[in-house]
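1. Pasting the sequence and the predicted model now:
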Amino acid sequence: MIEERPKTTYVLIAINTIIWVMINLFLTRQNQLASFLYTFGVVPIFVLNGLNYFSLLTYMFVHVDFFHILLNMYSLFLFGRDVELYLGRGKFLFVYLLSGVAAALFHIFYFVVFLSLECSPTMRPIPQACLIPSIGASGAIFGIMGSYLLFFPFRRLYAFLWLVPVVAPAFAVIIGFILIQTVFMLTTPFSTIAYTAHVGGFLAGLTLSLPLRRTRREEWFFYG
């Protein structure tokens, strides 16, 4: 019997890595990079005014900085394989992509509703937060972390949080990390890191995974 492999997780890692390499090889001029990011990243003022809806999908495959893609792909590798094997490829990809879309929408929603920003082309000056493109797979990956929390809450995780090694049950690592993200979202809403997208993606993944959870408790643990 051939052992099933989490191929979708590996394909996502490969796609993200290839795009990152191409960006750093071919978009060497600042104006080229800016044009690319404004086209394929999620820019709140564009989405709110009916433009670049496709960016709600494309943004999650765009990375520029080395440590950004390294941490994201490490996290996808850490959480994605088990969740994919649990859900199957189709459902895994559904949760991943929809969590990424939800993360971007929550990011915009937070600015508009909770921070009362008016992202309109008629505003002068236009708030800076309305013009900054969001990129990266973090929102989608946080969605998969929400799935992992539901499916494997007591599995022991060997993880790095801000380069600090952590060994603990999954629920402790994930809940602790999402609480930190929420604090940052509330206290530093205009940070260059989209904490709002992280929280939104996590909530989306958690919600989408609830009806997909099986009830056999033995699957919560890892027997080595």
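-> Done, it's in. This one's a predicted model, so the numbers in the text were calculated from it and none came from an experiment.
2. how about the strands of the chain, start to end?
-> 156-161, 164-169 (DSSP state E).
3. could you dump these to a markdown table with mean neighbour count and mean pLDDT?
-> The C-beta positions use only the backbone N, C-alpha and C, and glycine is treated the same way. As requested, the strands of the chain are exported to a markdown table (neighbours: other CB atoms under 10 Å; pLDDT from 0 to 100):
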| stretch | mean neighbour count | mean pLDDT |
| --- | --- | --- |
| strand 156-161 | 14 | 79 |
| strand 164-169 | 11 | 84 |
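4. Can I get those strands in a markdown table including distance to E84?
-> Listed next are the strands of the chain as a markdown table, based on distance: least, CB to CB, whole Å:
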| stretch | distance to E84 |
| --- | --- |
| strand 156-161 | 17 |
| strand 164-169 | 21 |
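5. Between these, which one is closest to L203.
-> strand 156-161 (19.9 Å; CB to CB).
6. Please work out the angle formed by the directions of the closest one and strand 164-169.
-> 150 degrees (axes from the mean of the first three to the mean of the last three CA atoms, to 10 degrees).
7. CA-only coordinates of strand 156-161 in PDB, if you can.
-> The C-alpha trace of strand 156-161 is given here as PDB (Å, rounded to 0.1, in the frame of the first residue of the first chain):
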ATOM      1  CA  ARG A 156       2.900  17.900  20.800                       C
ATOM      2  CA  LEU A 157       4.400  20.600  18.600                       C
ATOM      3  CA  TYR A 158       8.100  21.400  18.100                       C
ATOM      4  CA  ALA A 159       7.800  25.000  16.900                       C
ATOM      5  CA  PHE A 160       9.700  28.200  16.700                       C
ATOM      6  CA  LEU A 161       8.000  31.400  17.800                       C
END
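8. partners of that strand in the sheet?
-> strand 164-169 (antiparallel) (DSSP bridges).
9. Only the buried residues of stretch 98-110, if you could.
-> Within stretch 98-110, the residues that count as buried by 16 or more other CB atoms under 10 Å are 98-108, 110.
10. again, but for stretch 107-126
-> Neighbour-count burial for stretch 107-126 flags 107-108, 110-112, 117, 119 (criterion: 16+ other CB under 10 Å).
11. before we move on, what about stretch 146-157?
-> Per 16+ other CB under 10 Å, stretch 146-157 contains these buried residues: 146-153, 155, 157.
12. quick one: low-confidence ranges for the chain?
-> Within the chain, the ranges that satisfy pLDDT under 70 run 1-3, 161-163, 215-224.
13. I'd like to know how far L48 sits from S99.
-> Between L48 and S99 the computed distance is 21 Å (CB to CB, to the nearest Å).
14. residue boundaries of the helices in the chain?
-> Applying DSSP state H to the chain gives helices spanning 7-26, 30-40, 44-48, 55-58, 66-87, 89-109, 138-151, 170-187, 195-209.
15. quick one on the thing from earlier: closest to F40 out of the buried residues of stretch 98-110?
-> A104 (12.1 Å).
16. wait, isn't the closest one in contact with V43?
-> No - applying CB atoms under 8 Å, one finds A104 not in contact with V43, separated by 10.2 Å.
17. Nearest residue to the middle of this structure?
-> With distances taken as CA atoms, centre = their mean, G139 lies nearest the centre of the chain, 1.9 Å away.
18. Now that one. Nearest residue, chain neighbours left out?
-> Closest residue to G139 apart from its sequence neighbours, by CB to CB, 6 or more residues apart in numbering: A103 at 2.4 Å.
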